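Participant: Coordinates for the following, if possible.
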Amino acid sequence: MSGTRQRTFQARSAAGFTLLELLVVVTIIGLLAAYVGPKYFSQLGRSEQGVAKAQVEAFARALDTYRLEVGRYPTTEEGLNALLSKPAGAARWNGPYLQKAVPDDPWGHPYLYRSPGVSGDFEITSYGKDGQPGGTGDAADVTYQ
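Facilitator: This is a model prediction of the structure:
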């Protein structure tokens, strides 16, 4: 290349992007965000339901261990806290049966424990995102009976 052509080529490559190129890139990024965003947030709701189910099942396993040692499930009044600290009248309590304090459900509501349950020895319930009985999707109840 001659000296003039080389300087012209270097000047163009050092000039940066044109407005049209920037608009095309911004449009592509916007389209990707519009497509991926809703899918991402719908997965987030499903993951919260999964966390609630996993926590409820962990409580159920701890309650079964409690029953094997104490001879009964905690009463409704004793609640899930009986898994952490010895309630009065639980002579063979050998806990704690959980490593940490009983957490709230993924939406910040306390889990509801009832013993005896409607159809079993105990029942653990999270009312979902809305905190109300019933519902669908993120607001669906998570129950262990």
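Participant: give me the low-pLDDT residue ranges for the chain?
Facilitator: Within the chain, the segments meeting pLDDT under 70 span 1-15, 39-46.
Participant: Tell me how far the residue most central in space within it lies from residue 99.
Facilitator: By CA atoms, centre = their mean, the chain has its centre lying nearest to residue 48, at 2.9 Å. Distance of residue 48 to residue 99, given as CB to CB, to the nearest Å: 22 Å. (Glycine included, C-beta is placed from N, CA and C.)
Participant: go on, residue 136?
Facilitator: For residue 136 relative to residue 99 (CB to CB), the value is 33 Å.
Participant: Could you do residue 75 as well?
Facilitator: 23 Å.
Participant: What residues of stretch 110-126 count as buried?
Facilitator: For stretch 110-126, a neighbour-count test (16 or more other CB atoms under 10 Å) marks 111, 112, 113, 115, 117, 122, 123, 124, 125, 126 as buried.
Participant: Does residue 124 fall in a helix, a strand, or a coil region?
Facilitator: Here residue 124 is recorded as strand under DSSP: H, G, I helix; E, B strand; the rest coil.
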